[in-house]
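Peer 1: Let me see the structure of the following:
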Amino acid sequence: MKKKLRNRIVGVMIGITMIGGSVLPNATVHAEKEAPNNMAQFGSTKYNVPLDKCWTIKFTKPVDKHYLDHVYIVGQDGTSFKTIKVLSKDKKTLYVINEREFKKNTNYTLVLVYIKSTSGETIYPFCVRFKTIK
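Peer 2: Residues are numbered from 1 along each chain as shown. As a prediction, the model looks like this:
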């Protein structure tokens with residue numbers, strides 16, 4: 001299990017492979033000065049997501065790494081899962097990997113809240129709902 005996780009992390013860090021492909025191709029979250037009423041933007045629900053999915057999130061501005069604790073995955077029962085987050089050198093791409101494989105045919109939500117750019121701008125909260133393969 002540890003070897004598999006290490007291999008997944010190395011793959012992300014060197015940028016050679018994106019495990020399971022990208023369910024969010026060119027997903028861009030815009031950095032704005034104020035998020036109106038802290039309302040979250042919801043992307044469309046993604047289906048048949050691989051159990052070892054690596055999420056790729058692209059930002060229009062560099063992200064302050066100190067706010068990455070506010071990126072997490074929640075299960076359908078409200079349980080938060082431990083994730084590994086890797087920020088690219090230019091701080092505009094974030095890779096999010098669940099520490100354990102997801103369960104089959106289960107609903108989850110990837111949540112980004114209280115994220116700030118390196119210039120201090122608040123980025124709108126963003127959520128993506130997804131269901132894993134059967």
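Peer 1: all contacts plus neighbour counts: C-alpha atoms, from now on.
Peer 2: Fine.
Peer 1: how about the strands of this structure, start to end?
Peer 2: Counting by DSSP state E, residue ranges of the strands within the chain are 28-29, 41-42, 46-49, 54-59, 71-75, 80-81, 83-87, 93-98, 107-112, 115-116, 122-123, 126-132.
Peer 1: Of all these, which one comes closest to residue 65?
Peer 2: Checking the strands of the chain against residue 65 by Cα to Cα gives strand 83-87 as the closest, at 7.5 Å.
Peer 1: Could I get the buried residue list for the closest one?
Peer 2: 83, 85-87 (16 or more other Cα atoms under 10 Å).
Peer 1: What of stretch 105-117?
Peer 2: Neighbour counts over stretch 105-117 (16+ other Cα under 10 Å) mark 106-117 as buried.
Peer 1: And those, which is closest to residue 71?
Peer 2: Distances from residue 71 to these, taken by Cα to Cα, are shortest for residue 112, at 4.5 Å.
Peer 1: so where is the chain shaky, pLDDT-wise?
Peer 2: 1-41 (pLDDT under 70).
Peer 1: ok, 50 please
Peer 2: For the chain, applying pLDDT under 50 flags the ranges 2-3, 5-38.
Peer 1: Please list all residues in contact with the closest residue to residue 84 other than its chain neighbours.
Peer 2: Sequence neighbours aside, residue 97 is the residue nearest to residue 84 in space, at 5.1 Å (criterion: Cα to Cα, 6 or more residues apart in numbering). Listed by Cα atoms under 8 Å, 6 or more residues apart in numbering, the contact set of residue 97 reads 52-55, 83-85.
Peer 1: rerun that using 6 Å as the cut-off
Peer 2: The neighbours of residue 97, taking Cα atoms under 6 Å, 6 or more residues apart in numbering as the test, are 54, 83-84.
Peer 1: what does residue 65 give?
Peer 2: So residue 65 contacts nothing (Cα under 6 Å, 6+ apart).
Peer 1: same question, residue 111
Peer 2: 71-72, 127.
Peer 1: now, which of these sits nearest residue 43?
Peer 2: Set against residue 43, the nearest of these by Cα to Cα is residue 127 (6.4 Å).
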